[in-house]
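Student: With the input below, show me the fold.
(one chain, ligands or ions: 1)
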Amino acid sequence: TNKARIDYLHRFRQLNDKDLTILIDTFSKEDLMYAKSIAMAIKESYYGRDIYIRGLIELTNYCQCNCLYCGIRSGNTKAERYRIMPDEVFKCCEKGYELGFRTFVIQGGEDPWYTDDKLVPMIQKIRNNYPDCAITLSLGERSRTSYEKLYDAGANRYLLRHETGDASHYRKLHSPGQELADRLTHLKILKSIGYQIGTGFMVGSPGQTPESLVKDLSILKELNPEMVGIGPFVPHHESVFKACPPGRVDLTQFMLALIRIMLPSALIPATTSLGTVDVKGREKGVLSGANVIMPNLSPMNVRNKYLLYDNKAYTGSEAAESLENLRKDMELIGHQVVVHRGDFIAIREGS
Ligand code: SAM
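Tutor: Residues are numbered from 1 along each chain as shown. As a prediction, the model looks like this:
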């Protein structure tokens, strides 16, 4: 039964591909509830009911890639492009620090304008002024030398989703030349440099199957990342996938719970895309085992331009206001937003 499969996964932190495929393909409401209850107990044993917040700064929506699902891909001539200047990034951190953020996530399209010569002093300044904060980068694929320079400047963590664990599916979602194998090599390089790495995938992207989701899980098992970000695919009106349905909320919850069970101490966000397809998405994510939320710290005048998909949630209110709402929403489900760097807890063997 699926209950027995979930129990096996819980006990051994792994399950063979065939049973995982059946589980993902056939889980019922009761199976979801059961997986969530185990995921919540595991999360609490490591992190209690604390929610770590990461201040997201959307550096640039210029991008040299043409990932077919993404609203800011190079081929979208309708996107209104912007860049946040390094001084302004620092101001976002100042504001974020006052609000209680102790991790800043600098994310953007793959924008060659941000050379190492521009990024290094920016990161150094944040590092020197906020030695108690973590600096997370999510700037796509760069060279090994670049990753090293940014690490030496003070960055600690790097987010780079593998998007799908199936190489041919990866090709269908991307443009020629973009390969899953390269993506995985980048993740390994980042890890070897010393970054805490985050990877993950979209749930319900066009062409995804239970089998490809199983491959996603085996990649997570292989890479053993400190952070795992998953969220539903959401269509963008200027993309070839504009008529495709968004990823399912219940499947996203189920995958979140399975990931928490497989990688007990991972840092797992309830993503903005989950909050976009469901008004209670963030709460549902947290109650499925997520323990991180990444509110937006970007300046208001660029908020409505970093549009990876349609109807993106939480674009309208100031950081302080949305943080206050988040605190209340989390309290209502028995969790508390904390002022904390929220580092990865190394797994206790035998636990
Ligand atoms: N350029 C960097 C990169 O590729 O890692 C960071 C920015 S990229 C836009 C961040 C993430 O947005 C991607 O990893 C992808 O999973 C997600 N994303 C893009 N388009 C999406 C969509 N239509 N629906 C849901 N998630 C999407």
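Student: pLDDT weak spots in this protein?
Tutor: Residue ranges of the chain with pLDDT under 70: 348-351.
Student: Next to the ligand, which bits of it? Give me the list.
Tutor: Contact residues, the chain versus the ligand (Cβ under 6 Å from any ligand atom): 69-70, 107, 109-110, 138, 140, 160-161, 163, 202, 231, 233-234, 236, 273, 308-309. No exception for glycine: its C-beta is placed from N, CA and C like everyone else's.
Student: Which of those residues fall in helices?
Tutor: Among the residues of the chain next to the ligand, the members falling in helices (DSSP state H) are Ser273.
Student: Count residues in the vicinity of the residue lying closest to Lys118 once chain neighbours are set aside, would you?
Tutor: Distances taken as Cβ to Cβ, 6 or more residues apart in numbering place Pro86 nearest to Lys118, at 6.4 Å, with adjacent residues excluded. By the measure other Cβ atoms under 10 Å, the count of residues near Pro86 is 17.
Student: what about Pro86, distance to Lys305?
Tutor: Distance, Pro86 to Lys305, using Cβ to Cβ, to the nearest Å: 18 Å.
Student: how about the helices in the stretch 201-350 of the chain?
Tutor: Using DSSP state H, counting those that start in this stretch, the helices found in the stretch 201-350 of the chain span residues 210-223, 249-262, 272-277, 281-286, 300-303, 319-332.
Student: Format the ones you listed as CSV; extra columns: mean neighbour count and distance to Ala79.
Tutor: Listed next are those as CSV, based on neighbours: other Cβ atoms under 10 Å; distance: least, Cβ to Cβ, whole Å:
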stretch, mean neighbour count, distance to Ala79
helix 210-223, 19, 28
helix 249-262, 24, 26
helix 272-277, 23, 18
helix 281-286, 23, 24
helix 300-303, 14, 12
helix 319-332, 15, 23
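Student: My guess is the residue nearest to Lys118 contacts Asp117. True?
Tutor: No: if you go by Cβ atoms under 8 Å, Pro86 and Asp117 don't touch, sitting 10.9 Å apart.
Student: which residues sit in contact with the residue nearest the centre of the chain?
Tutor: Centroid-nearest residue in the chain, with Cα atoms, centre = their mean: Gly229, separated by 3.0 Å. By Cβ atoms under 8 Å, 6 or more residues apart in numbering, the residues touching Gly229 are 159, 161, 198-200, 268-269, 271.
Student: partners of it in the sheet?
Tutor: Bridge pairing for Gly229 (DSSP bridges) gives the partners Gly200.
Student: My guess is Asp132 contacts Arg341. True?
Tutor: Yes: Asp132 is in contact with Arg341 according to Cβ under 8 Å; the separation is 6.9 Å.
Student: in stretch 158-178, what counts as buried?
Tutor: Neighbour-count burial for stretch 158-178 flags 158-166, 169-170, 173-174, 178 (criterion: 16 or more other Cβ atoms under 10 Å).
Student: Can you give me the end-to-end span of that stretch?
Tutor: Length of stretch 158-178, first residue to last, Cα to Cα, to the nearest Å: 19 Å.
Student: distance of Tyr309 from Thr271?
Tutor: Computed as Cβ to Cβ, the Tyr309 to Thr271 distance reads 11 Å.
Student: Which helix or which strand is home to Gly198?
Tutor: Per DSSP states H and E: Gly198 is located in strand 196-203.
Student: Could I get the CA-only coordinates of that strand as PDB?
Tutor: Coordinates of each C-alpha in strand 196-203 appear next as PDB, following Å, rounded to 0.1, in the frame of the first residue of the first chain:
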ATOM      1  CA  GLN A 196      25.700  25.600   0.600                       C
ATOM      2  CA  ILE A 197      23.700  24.600  -2.500                       C
ATOM      3  CA  GLY A 198      20.100  24.700  -3.300                       C
ATOM      4  CA  THR A 199      18.500  22.900  -6.100                       C
ATOM      5  CA  GLY A 200      15.000  21.900  -7.100                       C
ATOM      6  CA  PHE A 201      12.400  21.700  -9.800                       C
ATOM      7  CA  MET A 202       9.000  22.900 -11.000                       C
ATOM      8  CA  VAL A 203       6.000  20.700 -10.300                       C
END
